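Colleague: show me the folded form of this:
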Amino acid sequence: MIVIETDRIYAIYCRTNRRVKWQYAEYCGRYRTPEEAIEAAKMHYGDRAFEYMIENPFNDEFEMLTTGFVNWKGKS
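Modeller: Modelled structure (predicted):
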């Protein structure tokens, strides 16, 4: 078995509508920090609003680290 060690442990999932399932970001792989993952998603989506979820899939429990919104316009 081949084991690859890396410091890129964070995965980001995005969706543009809360009625759809989370989608693994096809444009990227893993990131060193959650901030790096969010910046990559911002570059991909541009001005479109999206929700994100960042997790560490190398943890046995698939620990969800953070969720948030970018360019999301709430009801005011």
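
Colleague: where along the chain do the helices fall?
Modeller: 34-45 (DSSP state H).

Colleague: got the contact list for the least confident helix or strand in it by mean pLDDT?
Modeller: Lowest on mean pLDDT, DSSP states H and E among the helices and strands of the chain sits strand 23-24, with a mean of 75. Identification of contacts with strand 23-24 by Cβ atoms under 8 Å, 6 or more residues apart in numbering yields 11, 13-15. Yep, even glycine has a C-beta here, placed from its N, CA and C like the rest.

Colleague: and what of stretch 36-48?
Modeller: Stretch 36-48 has contacts (Cβ under 8 Å, 6+ apart) with 10-12, 14, 16, 25, 27-28, 31, 50, 52, 54, 68, 70-71.

Colleague: filter those residues to the buried ones?
Modeller: 10-12, 14, 25, 28, 31, 50, 52, 54 (16 or more other Cβ atoms under 10 Å).

Colleague: name the residue closest to the centre of the chain, please.
Modeller: Nearest to the mean C-alpha position of the chain, by Cα atoms, centre = their mean, lies residue 12 at 1.8 Å.

Colleague: enumerate every residue touching that residue.
Modeller: So residue 12 contacts 25, 28, 31, 37-38, 40-41, 52-54 (Cβ under 8 Å, 6+ apart).
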